[in-house]
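Chemist: sequence first, predicted model second:
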Amino acid sequence: MASSKAGLVSIGLLRYVLATAAVGFVYTIIQIPFAIYHAIKEKRVSKNQFLPEFDFYADKMVAFLLATGVGAGFGLTFELKKFVKDFLDSIKNLGIPGVDESDSAINKFLDKAIFATGLLFLGFLCMAVLSIFSSINRITTNSSYSKSNRGCFN
């Protein structure tokens, strides 16, 4: 019973990691046209404060979502590596042939999963930096701030 429960948890974590990667990808794809327009025209698509506010909150939410996906991905992969190593060692002790080939194939697959989670971590770092930029943009474009109380760096 514990083994099947662990398998269901692993599948759930894998789905979560893939879902966080998909959400980050979709959010980035949606933001690209707005960023291109802003870079070319040097102004926002709309004149109201909705887009800076949306960028501010959405960047933070996506960054934290990616961070949790990275944690789940690394945790799942390292736990699976440990489980597979222990399982294959117990099979080796029984004297079943062909375990070494399976061991190397599974380790290659799990190493690729670690690399993919590392790319997700890189995406999180980029979103965290973007979140800082959107915070700065929100402060500088906010009409309620006057020039005198923006702070010493503005």
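Modeler: Sure thing, it's come through. Numbering: from 1, shown residues only.

Chemist: which residues does the residue positioned nearest the centre of the chain contact?
Modeler: The centre of the chain sits closest to residue 66, judged by C-alpha atoms, centre = their mean, with a distance of 2.6 Å. If you count contacts by C-beta atoms under 8 Å, 6 or more residues apart in numbering, residue 66 has them with 20, 21, 24, 120, 123, 124, 127. In short, each C-beta sits where N, CA and C put it, glycine included.

Chemist: number of nearby residues for the nearest residue to it once chain neighbours are set aside?
Modeler: Excluding the flanking residues, the one nearest residue 66 by C-beta to C-beta, 6 or more residues apart in numbering is residue 124, at 3.9 Å. By the measure other C-beta atoms under 10 Å, the count of residues near residue 124 is 22.

Chemist: in three-state terms, label residue 124 for me.
Modeler: helix (DSSP: H, G, I helix; E, B strand; the rest coil).

Chemist: state the distance from it to residue 27.
Modeler: Noted for residue 124: a distance of 12 Å to residue 27, by C-beta to C-beta, to the nearest Å.

Chemist: re the thing from before, what helix or strand is the residue nearest to the centre of the chain on?
Modeler: helix 50-94 (DSSP states H and E).

Chemist: ok now that helix, how far from the chain's centre?
Modeler: Helix 50-94 sits 8 Å away from the centroid of its parent chain (C-alpha atoms, centre = their mean, to the nearest Å).

Chemist: now it: average pLDDT?
Modeler: Mean per-residue pLDDT for helix 50-94: 89.

Chemist: so for the closest residue to residue 37 other than its chain neighbours, what's the pLDDT?
Modeler: Spatial nearest neighbour of residue 37, excluding adjacent residues (C-beta to C-beta, 6+ apart): residue 45 at 5.7 Å. In this model, residue 45 is scored at 78, pLDDT.

Chemist: so what's residue 45 up against?
Modeler: Per C-beta under 8 Å, 6+ apart, neighbours of residue 45: 34, 37, 38, 51.

Chemist: what helix or strand does it sit in?
Modeler: Residue 45 belongs to no helix or strand, assigned by DSSP H and E.
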